[in-house]
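Participant: Dropping the sequence and predicted coords here.
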Amino acid sequence: MFPEQLNVPLGKWVNQFVDWLVINYGAAFEAFADSLLTVLVALEQVLRGAPWWVVLIAIATITWHASKNWKLAAGLVIAMFAIGTLGLWDKAMQTLALMIVATSLSVIIGVPVGIAMAMSNRLRAIMLPVLDTMQTMPSFVYLIPALMLFGLGKVPAILATVIYAAPPVIRLTDLGIRLVDQEVIEASRSFGASRKQILFGVQLPLALPNIMAGINQTTMMSISMVVIASMIGARGLGEQVLMGIQRLDVGAGMEAGIAIVLLAVVFDRIGQAYGKRSQRSHAEDV
Amino acid sequence: MSYIEIRNIFKIFGPDPEGALELARAGSDKDEILAKTGHTVGLHDVSLSIEQGETFVVMGLSGSGKSTLIRHLNRLIDPTVGSVSFGGEDILAMDIPALNAFRRKRLGMVFQRFGLLPHRNVMDNVAYGLEIQGTDRKSREVAASKWIERVGLAGYEAKFPDQLSGGMQQRVGLARALATDPEVLLMDEAFSALDPLIRSDMQDELMKLQAELHKTIVFITHDLDEALKLGDRIAILKDGKLVQVGRPEEIILHPADDYVQDFTRDVNRGRVLQARSVMQRLTPGSDRSEDDSNTPVIRDDTRLEDIVSISLKTGQTISVMDRDDNRVGLIDRDQVISALSR
């Protein structure tokens, strides 16, 4: 037995800290939550309000823009159509809205953090274990304080998703910038380029394929969070899976599961197509 | 005062250069300092003066510090101690904006592995320096087109670097460096990555350009033949120390030490030595050659390899004339042979 005198009351401290946060900064968290909610609700209304065929046309257009491949575009339209035939269209649109907001937030936070990590070895040394923690910590652990701070609903779901899904885009932005050929950086320095000119003119464009791969992974991970997100009150496909579990309705759970997979495939293919395009931005001119 | 002045530069690589610097100043060499302190000596008390308009070659093997040295001229690397000035202006005193302005206006650099921007086509690569300067698109494309044509790449404007051969890529690199019309061209092993034939082409091309442009060129190479061909003057570096500085013929005829002599052993002397360093000098007024007009006459910058064939053909003593057609020396057959041997 480990001696009891050596126990550290970490749990108690964390509880006190969260209580202190809620009491002192509750209002600020609420204001932040409200603004995030406004964006999400607006997007959800657009997606759920739009006729289903408009959404299909939009998917086809985006796929075509990304890949210039009509077969892929047709395939992804069929996948989305299949979600509709399962009777899960409305729920899929709710999930889609949540994913888009969570992924966008991950990218908005992740790319600058990745850039900062690439610029500073010290920050990188601090961030790497933080990212490991974000990816391995069971999400229920941070769902509890998120619930206390933001209440039940969509906002803690988004935040939990961002915590879980942001690390890949952060890591790959950092990696992508670090992999840029040093001689190219040296060349642009020798022409008197400022740090800003080097970052936007050389480092980011050359890191883009890696950053796109990171965004793609982030998207996939945010999809995989939908079931957990639904446990704290986010609506959508995850809710359907949860219902299937609670009622032991295997069929309903399977339907929702297939719809999640189809949604993931659609996003993955679009993301990959954009990634490839950034890799050979000039291949079409050959 | 020369145009570029490098004064007593030491460069120590490592986290705490002070201790290593003391040792270096006390005369320890590179290996000793590495063993004692774990610090690498990049440059050891290097001083150089480079004149405006000359092609100055820095030669050394890998690890000799030559690439480190050229990077001090545009402060891609800062020295541990020492000073670098251009036209009397101390570049180490410049803050970042002043340094960037200095790099934009006055320097162009060409890299061993080209350093081209892979996501930009030839036109945008060549125009890069002008873009950094803030020149508008139209005028920078006019200037870039001129240089693309000048290096023989007209028609390739829309190609990307990975679609070009090595030689063509380096032409892009050269055009890019020249497009901003810099005073100084820094060339870091610019032709080392090219095939021998292409390399020789590029050397000729550079000499042709230089004959028109009269830039100050600092050229780094590990190849003595290249150094002798291009350089007005050559500096030889070994383990971060300057071993010898001089004109190509001085290096060949009077190597400073065994190290330099080892290098020069395999050099084609016929191609490097010129009449003026082979001939027997006539003191002014002592021109005793009232004689016939059918002795062969050559200029004082004729290469030894050409003198050989003249000497073999005629068998006579050759008169050497300077640029103003004064007879300055004589070369007989024995002198030709002794210059070739050794």
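Facilitator: Sure, I can see it. Computed from a prediction, not measured in an experiment: that's the story for all the values here. Residues are numbered from 1 along each chain as shown, chains lettered A, B, ... in the order given.
Participant: Give me the neighbour count for the residue of the stretch 1-150 of chain A found nearest chain B.
Facilitator: Taking Cβ to the nearest Cβ as the measure, the stretch 1-150 of chain A has residue A:121 as its residue closest to chain B, at 12.9 Å. Heads up, the C-betas are built off the backbone N, CA and C, glycines and all. If you count neighbours by other Cβ atoms under 10 Å in any protein chain shown, residue A:121 ends up with 9.
Participant: residues contacting it?
Facilitator: By Cβ atoms under 8 Å, 6 or more residues apart in numbering or on different chains, the contact list for residue A:121 is empty.
Participant: what are the phi and psi values for it?
Facilitator: Per-residue torsions, residue A:121: phi -70, psi -30 (degrees, to the nearest 10).
Participant: Please apply the same query to the one 4 residues further on.
Facilitator: Per-residue torsions, residue A:125: phi -60, psi -30 (degrees, to the nearest 10).
Participant: okay, which residue is most central for the chain?
Facilitator: Answering for chain A, as no chain was given. residue A:103 (3.1 Å; Cα atoms, centre = their mean).
Participant: wait, I meant chain B there
Facilitator: residue B:57 (2.5 Å).
Participant: List phi and psi for it.
Facilitator: Per-residue torsions, residue B:57: phi -100, psi 130 (degrees, to the nearest 10).
Participant: Now do the closest residue to it other than its chain neighbours against chain A, distance only.
Facilitator: Nearest-residue entry for residue B:57: residue B:231, 3.5 Å, with adjacent residues in sequence omitted and distances by Cβ to Cβ, 6 or more residues apart in numbering or on different chains. According to Cβ to the nearest Cβ, to the nearest Å, residue B:231 and chain A sit 22 Å apart.
Participant: rewinding a little: who is the residue nearest to the centre of chain B paired with across the strands?
Facilitator: Residues in a beta bridge with residue B:57, per DSSP bridges, are residue B:219, residue B:234.
Participant: Could you report the pLDDT at it?
Facilitator: Per-residue pLDDT puts residue B:57 at 95.
Participant: show me what contacts it?
Facilitator: So residue B:57 contacts B:219-221, B:226-227, B:230-231, B:233-235 (Cβ under 8 Å, 6+ apart).
Participant: neighbours around residue B:90, how many?
Facilitator: 12.
Participant: Provide the backbone phi and psi angles at it.
Facilitator: When read as degrees, to the nearest 10, the backbone of residue B:90 gives phi -80, psi 110.
Participant: Checking the closest residue to it other than its chain neighbours next. Helix, strand or coil?
Facilitator: In this structure, residue B:90 finds its nearest non-sequential neighbour in residue B:83, 6.2 Å apart by Cβ to Cβ, 6+ apart. Local secondary structure at residue B:83 is given as strand here, using DSSP: H, G, I helix; E, B strand; the rest coil.
Participant: Quick check, residue B:83 in contact with residue B:92.
Facilitator: Yes. Counting by Cβ atoms under 8 Å, residue B:92 is a contact partner of residue B:83 at 6.1 Å.
Participant: Specify the local secondary structure of residue B:12.
Facilitator: Quick answer, by three-state DSSP: residue B:12 is strand.
Participant: What is the neighbour count of it?
Facilitator: Considering only other Cβ under 10 Å, residue B:12 is surrounded by 24 other residues.
Participant: Identify the residues contacting it.
Facilitator: By Cβ under 8 Å, 6+ apart, residue B:12 lies in contact with B:20-21, B:24, B:33, B:39-42, B:80.
Participant: next one: residue B:162
Facilitator: Contacts here follow Cβ under 8 Å, 6+ apart; on that basis residue B:162 touches residue B:118.
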